[in-house]
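Peer 1: Have a look at this prediction, sequence included:
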Amino acid sequence: MSKIGKAALVFTIAVLICGVDISMALAQSTTIRFLSSFPETGVSKQTMVPFAESIEKASSGDIKVMRSGPAVVPPFQQLRPLSMGVFDMLFTTPAYHQAD
């Protein structure tokens, strides 16, 4: 087998392996970690909860939203874990984070 033939074979196998990995990843559900500065009452219940539910509905359940409230991380300290990747999204108000 020539060098070009071997390279084409290796390339084809690599593409097939990547294709399998991508399709397996797409078939799995995803969880979005959503942090809130507010409990699930009042303004949060009117905005954050319907937003999270609409994400799950629009994705036909493939995307799940795991909501965590201010009991997990105090409101004035939420930007650091968000920037470190502990959470994917933050529902808050800019007034809490003026000094951060």
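Peer 2: Nice, thanks for sending it over.
Peer 1: ok, now which ones touch residue 39?
Peer 2: 69-71 (C-beta atoms under 8 Å, 6 or more residues apart in numbering). For the C-beta atoms, the positions are set from N, CA and C on the backbone; glycine is no exception.
Peer 1: And it, what's its pLDDT?
Peer 2: Turning to residue 39, the model gives it a pLDDT of 82.
Peer 1: Can you list phi and psi of residue 36 for me?
Peer 2: Here is the backbone geometry of residue 36 (degrees, to the nearest 10): phi -130, psi 140.
Peer 1: I figured it hits residue 48, correct?
Peer 2: Yes: applying C-beta atoms under 8 Å, one finds residue 36 in contact with residue 48, separated by 5.6 Å.
Peer 1: In terms of neighbours, single out the busier of these two.
Peer 2: Neighbours were counted for residue 36 and for residue 48 using other C-beta atoms under 10 Å; residue 36 has more, 25 against 21.
Peer 1: So what touches stretch 83-93?
Peer 2: By C-beta under 8 Å, 6+ apart, the residues outside stretch 83-93 that reach it are 32-38, 44, 47-48, 51, 68, 75, 78-79, 81-82.
Peer 1: nope, stretch 62-69 is what I was after
Peer 2: Contacts for stretch 62-69 (C-beta under 8 Å, 6+ apart): 29-36, 38-40, 44, 48-49, 52-53, 55-56, 87.
Peer 1: For it, C-alpha coordinates in CSV please.
Peer 2: C-alpha atoms of stretch 62-69 as CSV (Å, rounded to 0.1, in the frame of the first residue of the first chain):
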residue,chain,number,x,y,z
ASP,A,62,-32.4,16.9,26.1
ILE,A,63,-31.3,19.9,28.1
LYS,A,64,-32.0,19.9,31.9
VAL,A,65,-31.7,22.9,34.1
MET,A,66,-30.4,22.4,37.6
ARG,A,67,-31.3,25.5,39.6
SER,A,68,-29.4,26.5,42.8
GLY,A,69,-30.4,29.3,45.0
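Peer 1: Can you mark which positions in it are buried?
Peer 2: 65, 67, 69 (16 or more other C-beta atoms under 10 Å).
Peer 1: still on that earlier bit, just the buried ones among the contacts of stretch 62-69, please.
Peer 2: Using 16+ other C-beta under 10 Å, the buried members of the contacts of stretch 62-69 are 32-36, 38, 44, 48-49, 52, 87.
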